[in-house]
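Peer 1: here is my input, please return the structure:
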Amino acid sequence: MLNRADSRRDHQYTKLYSELDAHGYHSSNSTAGEIELIPLLKALNRTGPEHSVLSLGCGVCAALPVYRSELRVDMYGTDVSTVAYQHAADLGRVNSTCSAKPCLRVGMAFAIPWPSASFDTAVSSDVMEHVAEADIPRSVSEASRVVRCLLLLAIARGSSVRNGIELHATQRNTSWWRDSYTRNGDWVELDVPRQRWPRPREACTAEDEKAKRPRCTVYLAFAKPGCHRALRRQLLGIKRMPRANHLPLDPVD
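Peer 2: Modelled structure (predicted):
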């Protein structure tokens, strides 16, 4: 249950994205960005019906059926936007990608609407930069609460303005994000080589870290202590990245 302060912040996010939705922000059925993490999940053997995956900030959740098809996992999603949820519901996604229904729920990054340890894995693509910096510690703790093993993050760095509104509330470098996750959650960083990420040329580099606000993507992977060793062995054993049958063609914000 949200306390009074959380409810105020929830209202602020809901109001912002309601205004954006009035201009079609969540009308896209794009799977860009998010499903690009599928090959890495395949390589780390996060496949099969015994695995459950949560997509944090999935919008209209167009990627969920693709994850379900590619990985054969129980796939769940959450987003702050009630408009996006309704659009996903209209497209039949609320109960179609998981065994413990509903598969989709409206919720905040700092108040994820599932019990503790509900998921093996969580993915988040182009979402965390939209969360206000003051809410990052709670959001990290919440991900740590609901995820049992692995978290994959793709975080856009730089500004993104839509209808005169700055959407990227937190514009920080890789070191800041790494420290935020290791300090506020029960996470150990999983050192994924740059070439294993979906778009290595867009990954933030050491040179980018020195720049004030470059346009690049912060890629990070974290594991719970009990999973870290096994995942690291799997990562070191990757000879060739698996392919996904569905690759995004359109850009993301």
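Peer 1: going by C-alpha atoms from here, please, whenever you check contacts or count neighbours.
Peer 2: Fine.
Peer 1: and the end-to-end length of stretch 81-100?
Peer 2: With C-alpha to C-alpha, to the nearest Å as the measure, stretch 81-100 spans 22 Å from end to end.
Peer 1: then residue 219 would be within a strand, right?
Peer 2: Yes - according to DSSP: H, G, I helix; E, B strand; the rest coil, residue 219 belongs to a strand.
Peer 1: so what sits opposite it in the bridge?
Peer 2: Judged by DSSP bridges, the bridge partners of residue 219 are residue 154.
Peer 1: any idea how far residue 17 is from it?
Peer 2: With the distance defined as C-alpha to C-alpha, residue 219 ends up 25 Å from residue 17.
Peer 1: what secondary structure does residue 62 sit in?
Peer 2: coil.
Peer 1: check it and give its pLDDT.
Peer 2: Looking at residue 62, its pLDDT reads 91.
Peer 1: give me the neighbour count for it.
Peer 2: 19 (other C-alpha atoms under 10 Å).
Peer 1: any low-confidence regions in the stretch 1-150 of the chain?
Peer 2: 1-11, 14, 18, 21-23, 25-32 (pLDDT under 70).
Peer 1: what residues are up against the spatially closest residue to residue 79 that is not a sequence neighbour?
Peer 2: Among residues not flanking residue 79 along the chain, residue 57 sits closest, at 4.4 Å (C-alpha to C-alpha, 6 or more residues apart in numbering). Taking C-alpha atoms under 8 Å, 6 or more residues apart in numbering, we find residue 57 in contact with 77, 78, 79, 80, 109, 124, 125, 127.
Peer 1: can you do 7 Å?
Peer 2: By C-alpha atoms under 7 Å, 6 or more residues apart in numbering, residue 57 lies in contact with 78, 79, 124, 127.
Peer 1: can you pick the most crowded of these?
Peer 2: The most crowded member of the contacts of residue 57, judged by other C-alpha under 10 Å, is residue 78 (25 neighbours).
Peer 1: what's the distance between that one and residue 204?
Peer 2: Distance, residue 78 to residue 204, using C-alpha to C-alpha: 27 Å.
Peer 1: okay, and the beta partners of the residue nearest to the spatial centre of the chain?
Peer 2: For the chain, the residue nearest the mean C-alpha position is residue 124 (0.7 Å; C-alpha atoms, centre = their mean). The partner list for residue 124 in beta bridges (DSSP bridges) reads residue 153.
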